[in-house]
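Enquirer: Compute the structure for the input listed below.
(one chain, ligands or ions: 1)
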Amino acid sequence: MRLIIRSDYNEVSEYIATYVKDRIIEFNPTHERPFVLGLPTGSSPIGLYKNLVKFHRNGELSFKHVVTFNMDEYVGLPRDHPESYHSFMWHHLFKHIDIDPNNVNILNGNAEDLSEECAKFEEKMKEVGGVELFIGGIGPDGHIAFNEPGSSLMSRTRVKTLAYDTILANSRFFDNDINKVPRMALTVGVGTVMDAREVAIIITGAHKAFALAKCIEEGVNFMFTVSAIQLHPKALIVCDEDATLELHVKTVKYFKSIEHVIKNLIGAENVGLQGNVKKYPSPEVTPTREAFYNLPFKR
Ligand SMILES: N[C@@H]1[C@@H](O)[C@H](O)[C@@H](COP(=O)(O)O)O[C@@H]1O
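Expert: Got it, this is the predicted structure:
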């Protein structure tokens, strides 16, 4: 797993947006072979979406052959409610880019048969060949999508009752009134996210520092469902400095040094986007510990 640390939210957003852009371009999607992208909502991905819109406007990135699946949606909230995840996605991303609306998949929280809606969503993911890259955010309790503490790490798309902490956290979008926050949601499962060929998680802010520490310094634990990504072969976390506050200094230095080695000793051009070494040039100098840790980290 890779942990990329940037100084603040803006740098995190730029990094992850450039990463998504590069992955789509590298994949070279076509109508027959689209790039399948899993997407989150919340405040964490807003900067990512702003940058993706910018890339699109600059002519650097097209979403013509991109198929998206959103992680979750509230149950019972009208589709056009300003806080539905449907509204969120169109407002922040879809209406600004050239994506085919038929390629956008968002769970319908008002479906007559919610279980059937979830099963159909999973089926559709399979039909398009599975998710290539699933982007996620986390709640301060380490939940991914709406997989609240105690969710099965094998779970699939289903109806979930929200934890009190999540209702409280999300009340900021509902006039700070917890009574206005829906009590249930449809969400992809942890297993659904883990099936993606690659997973990238955005974690920013000191309020998520504890969850990040639980996710990467302790074992896989269904009380912090994002920790399941330890078992994923291609997982990436992009966080800001504030989110690292509960990590051991050693952990931070370790992940920073890996990025440093890739850039300065192996050479970024010899390393694939997912951190895989394509070519290993023998380093001419044996670096000191200081050289490992003395790091300029702009992308
Ligand atoms: N279901 C969503 C999650 O998918 C999201 O990751 C989380 C964090 O949101 P934010 O990025 O606003 O902190 O909020 C909700 O619970």
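
Enquirer: anything in stretch 205-223 near the ligand?
Expert: No - on the criterion Cβ under 6 Å from any ligand atom, stretch 205-223 is out of touch with the ligand, staying 7.3 Å away. Any C-beta I mention is one placed from the backbone N, CA and C, and that applies to glycine too.

Enquirer: all strands for the stretch 51-200 of the chain, in order.
Expert: Using DSSP state E, counting those that start in this stretch, the strands of the stretch 51-200 of the chain run over residues 66-70, 72-74, 104-105, 133-136, 158-161, 184-187, 198-203.

Enquirer: Identify whichever of those lies nearest to the ligand.
Expert: Of all these, it is strand 72-74 that lies closest to the ligand, at 4.8 Å by Cβ to the nearest ligand atom.

Enquirer: got TSV for the strands of the stretch 51-200 of the chain, with mean pLDDT too?
Expert: Formatted as TSV, the strands of the stretch 51-200 of the chain follow (pLDDT from 0 to 100):
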stretch	mean pLDDT
strand 66-70	98
strand 72-74	97
strand 104-105	98
strand 133-136	98
strand 158-161	96
strand 184-187	97
strand 198-203	98
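
Enquirer: could you redo the ones you listed as JSON lines and give each row mean neighbour count and distance to the ligand?
Expert: Formatted as JSON lines, those follow (neighbours: other Cβ atoms under 10 Å; distance: least, Cβ to the nearest ligand atom, whole Å):
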{"stretch": "strand 66-70", "mean neighbour count": "23", "distance to the ligand": "9"}
{"stretch": "strand 72-74", "mean neighbour count": "24", "distance to the ligand": "5"}
{"stretch": "strand 104-105", "mean neighbour count": "18", "distance to the ligand": "16"}
{"stretch": "strand 133-136", "mean neighbour count": "26", "distance to the ligand": "6"}
{"stretch": "strand 158-161", "mean neighbour count": "18", "distance to the ligand": "10"}
{"stretch": "strand 184-187", "mean neighbour count": "25", "distance to the ligand": "7"}
{"stretch": "strand 198-203", "mean neighbour count": "24", "distance to the ligand": "7"}
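
Enquirer: In a markdown table: those, plus distance to residue 44.
Expert: Supplementary listing: the strands of the stretch 51-200 of the chain in a markdown table, determined by distance: least, Cβ to Cβ, whole Å:
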| stretch | distance to residue 44 |
| --- | --- |
| strand 66-70 | 14 |
| strand 72-74 | 13 |
| strand 104-105 | 20 |
| strand 133-136 | 9 |
| strand 158-161 | 19 |
| strand 184-187 | 16 |
| strand 198-203 | 4 |
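
Enquirer: Which of these sits closest to residue 84?
Expert: Comparing the strands of the stretch 51-200 of the chain by their distance to residue 84 (Cβ to Cβ), the top pick is strand 72-74, with 6.3 Å.

Enquirer: what's the closest one packed up against?
Expert: For strand 72-74, the elements it packs on are helix 85-92, strand 184-187, judged by 3 or more Cβ pairs under 8 Å, 6 or more residues apart in numbering; DSSP states H and E.

Enquirer: Go through the first one and flag the buried ones.
Expert: For helix 85-92, burial by neighbour count (16 or more other Cβ atoms under 10 Å) applies to 85, 86, 87, 88, 89, 90, 92.

Enquirer: At which residues are the helices of this protein located?
Expert: Ranges of helices in the chain, per DSSP state H, are 9-27, 46-57, 85-92, 114-127, 164-170, 190-194, 209-217, 249-260, 289-293.

Enquirer: gap between the longest one and the chain center?
Expert: If I follow you right, that is helix 9-27. Using Cα atoms, centre = their mean, to the nearest Å, we find the averaged C-alpha position of helix 9-27 to lie 11 Å away from the chain's own average C-alpha position.

Enquirer: do the second one as well
Expert: Centre-to-centre, helix 46-57 and its host chain are 15 Å apart (Cα atoms, centre = their mean).
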